[in-house]
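[1] no sequence on hand, only this structure:
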């Protein structure tokens, strides 16, 4: 390969035809493909479209190296599943695996073999719009769901199935600490210690790499002053040297160019030298490595060894994906719409992701015999409940509205509708046996560049709830949103509140399944709901202060609290109710049938928790396991999630959830930049129950 051809493999350009947004590079893309000076194309899909461009690269360029087509397939291609934050609320990684499998099958038949997913940016910032794209505030939960998504896209970790039908390459993003953006403002500064980086932000990425993630995307933010796109510590030292990652790192959209705006690079040549010298392998949209690469090599600012390494990583993935064996896709086998099976999977998973936040006097489930039901609110008849980054399907296939879902679920009832006007909603409620109020956020209010300083219900929605409540008739509230919300006083008065998130293409049917009890709600919150915006950040896995709040003395002044706000969140991480009741036992420690309270180095201990359905209906419960290192050389979170299991039980039935705890669950990373993991002797509290506030605990001592 010539130097120019090598540099071309490091370039990804965007397509601006009728298949998605872009930046005016279509003619440039075709010319570069024809000259053999292009490695990848973004934002093109469709068997005919991709085959036409691929034919130019393969049949008209000197070496015939195929192009790699990439697309943002975040929670569905044609068939949109619930947003990733909602999927995490299922506490069932099979939900994300099913999404990935359906998405990969649809995506690959459309000529695309690479998706920029999963996102595993742990965040404590609900104002940040991109919280919708990840799995919430806990590193462990993010890691479990990232692994499921990677495996669903790619298959086994060894990559042996990447070339097969129904498989695409995953991209672990955004590397790293993007979720720590100050003030929740997208693209903003992240100042983070080494121990926080390694204990909080990096673990999901390590799990994804171990699961075989083929690519990694650099983050837009700085990491302690150094932009992620030019950060040799994160991209080279940690990712490639320590972890042995042999895939490639792609920039985010114009991320190399943005090194200039960061004040890190003087110009485009400087940006290319700094980013690729730090371990970046492919440049998305901006063209600095192609424009300046040869001069940088001549000047010694970029080495040919670094270029060859990046090219090798990219070509290796193209081989693994089967592009050199068959660069085209079968146009006769193209999936062009959601199938019945895909819709059924989307409906099932959407219902599984919903969280029952409140249910007084068994207001839910709704009686199937109700003679009249009003469905009101700004999102009652919305056909756009796909959520942010809904993929091509969100633009072509409307989601089922909640109004239509209720009508289908209660065919014998008179189902009326009113929109966002409080008076009209109250009138409809007055004439109905029960009212379903649907409020929340439109999709555009979450996702990238969708930061909100006030995360309460948008204007007029609380007034609508109050108007319906004033009728004195029964009602329930359904929330459709892409982030945690600050819930006003209306929440404490509402008979029932169901968190439905943005549920995807089958939204209305899935919501109705839960409202009428066809599906029992069993989801849990993957993120804390604050009492007020001024309380942010508020999260369960915080470190204790020297003056923590003592619940037994709520009026104590000199503690870490607010004068004008009760301590703790509105709703804690892990919270979620059901249509039945459960009891869980205290955690029992043991090994090989022998009770144990001590753990030697290198050993594991089994934790068993029994859960019993004490109600009159079948239902789901999520047993959650947390640990706390009571005294450590670096202050530790008051609790860390280290296991969970979702169980389904008939009335009166009992099951045992079993977990294994080892050094990786009890240790922590220090502030050593070289990476030091410690497991210190001493006492660990082990908590188990049905939320992060579960009181049941036992003690384990590490010897």
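    Okay, I see it. Please read these numbers as outputs of a predicted model, since none were measured by experiment.
[2] switch to C-alpha atoms for all contacts and neighbour counts from now on
    Fine.
[3] name the spans of the protein whose pLDDT lies under the cut-off.
    For the chain, the stretches with pLDDT under 70 are 17-24.
[4] ok, now which ones touch the spatially most central residue of it?
    Geometric centre of the chain, nearest residue: residue 134, 1.9 Å, by C-alpha atoms, centre = their mean. Contacts for residue 134 (C-alpha atoms under 8 Å, 6 or more residues apart in numbering) come out as 84-85, 118-122, 142.
[5] host element of residue 497?
    strand 496-499 (DSSP states H and E).
[6] so how far is that strand off the chain centroid?
    21 Å (C-alpha atoms, centre = their mean, to the nearest Å).
[7] make residue 1 into 27 and carry on from there
    Fine by me, first position is 27 from now on; the one you just mentioned is strand 522-525.
[8] what does the very next helix or strand once past it contact?
    Per DSSP H and E, the first helix or strand lying C-terminal to strand 522-525 is helix 533-541. Under the criterion C-alpha under 8 Å, 6+ apart, residues 373-374, 376-377, 390-392, 411-412, 425-432, 434-435, 526, 529, 545-547 lie in contact with helix 533-541.
[9] which of the residues you listed are buried?
    Neighbour counting over these (16 or more other C-alpha atoms under 10 Å) leaves 373-374, 376-377, 390-392, 411-412, 425-432, 435, 526, 529, 545-547 as the buried ones.
[10] sort out which one of the contacts of residue 160 lies nearest residue 565 for me.
    Using C-alpha to C-alpha, residue 148 is the member of these that lies nearest residue 565, at 11.5 Å.
[11] and the closest one, that's in a strand?
    No: assessed with DSSP: H, G, I helix; E, B strand; the rest coil, residue 148 is coil; it does not lie in a strand.
[12] if I pick it, what's in contact with it?
    Going by C-alpha under 8 Å, 6+ apart, the list of residues near residue 148 reads 160-165, 168, 203, 205-206, 226-227.
[13] residues contacting residue 694?
    Neighbouring residues of residue 694 by C-alpha under 8 Å, 6+ apart: 225, 703-705.
[14] just to revisit the earlier point, and which of the contacts of residue 160 is nearest residue 614?
    residue 168 (26.2 Å).
[15] look at the closest one and say how many residues are nearby.
    By other C-alpha atoms under 10 Å, the residues close to residue 168 number 27.
[16] residue 691 versus the closest residue to it other than its chain neighbours, what's the distance?
    Spatial nearest neighbour of residue 168, chain neighbours left out: residue 161 (5.0 Å); criterion: C-alpha to C-alpha, 6 or more residues apart in numbering. Distance, residue 161 to residue 691, using C-alpha to C-alpha, to the nearest Å: 19 Å.
[17] ok, the two, which is more surrounded?
    Between residue 161 and residue 691, counted using other C-alpha under 10 Å, the more crowded position is residue 161 (30 against 17).
[18] mark which of the buried ones among the contacts of helix 533-541 are part of helices, please.
    373-374, 376-377, 428-432, 435 (DSSP state H).
[19] farthest pair within these?
    Among those, 374 and 429 lie farthest apart (C-alpha to C-alpha), at 18.3 Å.
[20] which SS class is residue 712?
    What three-state DSSP gives for residue 712 is strand.
[21] for it, list the residues it contacts.
    For residue 712, the contact set (C-alpha under 8 Å, 6+ apart) comprises 613, 651-654, 723-726.
[22] what's the separation between it and residue 685?
    Residue 712 is 11 Å from residue 685, by C-alpha to C-alpha.
[23] so what sits against both of these two?
    Counting by C-alpha under 8 Å, 6+ apart, the residues touching both residue 712 and residue 685 are residue 651.
[24] so residue 281 makes contact with residue 308?
    No: using C-alpha atoms under 8 Å as the test, residue 281 is too far from residue 308 to be in contact (10.6 Å).
[25] who's more crowded, these two?
    More crowded of residue 281 and residue 308, by other C-alpha under 10 Å: residue 308, with 28 against 24.
[26] which residues touch the more buried one?
    Applying C-alpha under 8 Å, 6+ apart to residue 308 gives the contacts 35-38, 274-277, 336.
[27] if we use 7 Å, what do you get?
    36-38, 275-277 (C-alpha atoms under 7 Å, 6 or more residues apart in numbering).
[28] same deal with residue 633?
    Going by C-alpha under 7 Å, 6+ apart, residue 633 touches 613-616, 684-686.
[29] which of those lies closest to residue 291?
    Using C-alpha to C-alpha, residue 686 comes nearest to residue 291 of these, at 47.4 Å.
[30] apart from its neighbours in sequence, what residue is nearest residue 372?
    The shortest distance from residue 372 to any non-neighbouring residue, by C-alpha to C-alpha, 6+ apart, is to residue 107 (5.1 Å).
[31] got the phi and psi for the closest residue to residue 621 other than its chain neighbours?
    Spatially, and ignoring its direct neighbours in sequence, residue 621 is nearest to residue 615 (5.8 Å; C-alpha to C-alpha, 6+ apart). Dihedral pair for residue 615: phi -100, psi 140, per degrees, to the nearest 10.
[32] thought residue 632 was touching residue 615, still the case?
    Yes: here residue 615 reaches residue 632: they are 5.7 Å apart, a contact under C-alpha atoms under 7 Å.
[33] the more surrounded of the two?
    Taking other C-alpha under 10 Å, residue 615 and residue 632 do not tie; residue 615 has more neighbours (23 against 19).
[34] contacting residues for that one?
    Applying C-alpha under 7 Å, 6+ apart, we find residue 615 in contact with 621-623, 631-634.
[35] neighbour-wise, which of those leads?
    Neighbour counts for these (other C-alpha under 10 Å) peak at residue 633, which has 24 neighbours.
[36] helix/strand/coil for it?
    strand.
[37] and it, bridged to which residues?
    Bridge pairing for residue 633 (DSSP bridges) gives the partners residue 615, residue 685.
[38] confirm for me that residue 31 is in contact with residue 61.
    No: taking contacts as C-alpha under 7 Å, residue 31 lies outside contact range of residue 61: 8.5 Å.
[39] where do the strands sit along the stretch 577-726 of the chain?
    Taking DSSP state E, counting those that start in this stretch to define them, one finds strands in the stretch 577-726 of the chain at 608-610, 614-617, 620-621, 624-625, 631-639, 645-655, 666-675, 680-687, 694-695, 703-704, 708-715, 723-728.
[40] out of those, which is the most enclosed?
    Counting by mean count of other C-alpha atoms under 10 Å, strand 645-655 has the highest mean neighbour count of those, with a mean of 24.
[41] strands paired with it, and their directions?
    Partners of strand 645-655 in the sheet, by DSSP bridges, are strand 666-675 (antiparallel), strand 708-715 (antiparallel).
[42] give me the distance between it and the centre of its chain.
    Counting by C-alpha atoms, centre = their mean, strand 645-655 is centred 20 Å from the centre of its parent chain.
[43] cool, thanks, talk later.
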